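S.K.: Have a look at this fold, sequence not included:
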């Protein structure tokens, strides 16, 4: 069966450290993988998109890797800050057609402590 | 007003009521989406409209009825809901693929409680 797995347990790290979140999937062949941030009671906010032919993507303190052989994406936040505390969602784009059909993982909650 | 807006933000309704959720996007996108988010569960895609045509209906019960009168507006009509339908309902929009980036822009959601 198709599955997207993210660490269900919260990730607690100290301010200034690098946070690494994992997204594993099975029985999908996504053309794109996206990462979103969601704060409590709010809608998700897009962070980064990586294509199947890209190994790595960076944006400021964020870095995403995509290994289609391992069926895994890693999401890194360097020099983490308490303001980075949120739930981070990975999403696979499985629709080759004209719109985005995103399948979301359940998310990993990140808590950055001062 | 910018981005994606949703009204109401909170809704409490009885199982016999009829209500509607409204979503409006000011981004010029052609695709709009309804998602359901229950506690500790992934977002569940409910419906997709692309150029006002419904292209996805993920086995959603008929007590949820979507309507897309134009590319900027999306409604979700609710009737005879069940308590397990209580959740955060999120609307999103995106460009059509090939016309830009493929990310989705989400509204703030409607927190629905069915009593």
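M.R.: Yes, it's here. These numbers come from a predicted model, not from an experiment.
S.K.: Show me which residues of chain B sit near chain A.
M.R.: B:4, B:31, B:33, B:40-43, B:45, B:48, B:50, B:55-56, B:88, B:90, B:92, B:94, B:96-98, B:101-109, B:111 (CB under 8 Å from any CB of the partner chain). Bear in mind the C-beta positions are built from the backbone N, C-alpha and C, glycine included.
S.K.: Those residues, buried ones only, as a PyMOL selection?
M.R.: Selecting only the buried entries of those in PyMOL, with 16 or more other CB atoms under 10 Å in any protein chain shown as the criterion:
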select buried, chain B and resi 4+31+33+42+43+45+48+50+56+88+90+92+94+96+97+102+103+104+105+106+107+108+109+111
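S.K.: Quick check: the residue of chain A nearest chain B.
M.R.: Residue of chain A nearest chain B, by CB to the nearest CB: residue A:43 (3.1 Å).
S.K.: give me every residue that touches residue 110.
M.R.: Let's take chain A. Counting by CB atoms under 8 Å, 6 or more residues apart in numbering or on different chains, residue A:110 makes contact with A:10-11, A:13, A:19, A:21, A:77, A:80, A:84-88.
S.K.: could you do chain B instead?
M.R.: Applying CB under 8 Å, 6+ apart, one finds that residue B:110 lies in contact with B:6-11, B:21, B:88-89.
S.K.: do the same with residue A:5
M.R.: Contacts of residue A:5 (CB under 8 Å, 6+ apart): A:23-25, A:105.
S.K.: quick one: the strands in chain A?
M.R.: With strands called from DSSP state E, chain A shows them at A:3-6, A:11-14, A:19-26, A:32-38, A:45-51, A:56-59, A:62-67, A:72-77, A:86-93, A:102-104, A:108-113.
S.K.: Any chance of the ones you listed in TSV with mean pLDDT as columns?
M.R.: Below are these laid out as TSV (pLDDT from 0 to 100):
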stretch	mean pLDDT
strand A:3-6	90
strand A:11-14	96
strand A:19-26	95
strand A:32-38	94
strand A:45-51	94
strand A:56-59	95
strand A:62-67	96
strand A:72-77	96
strand A:86-93	94
strand A:102-104	90
strand A:108-113	96
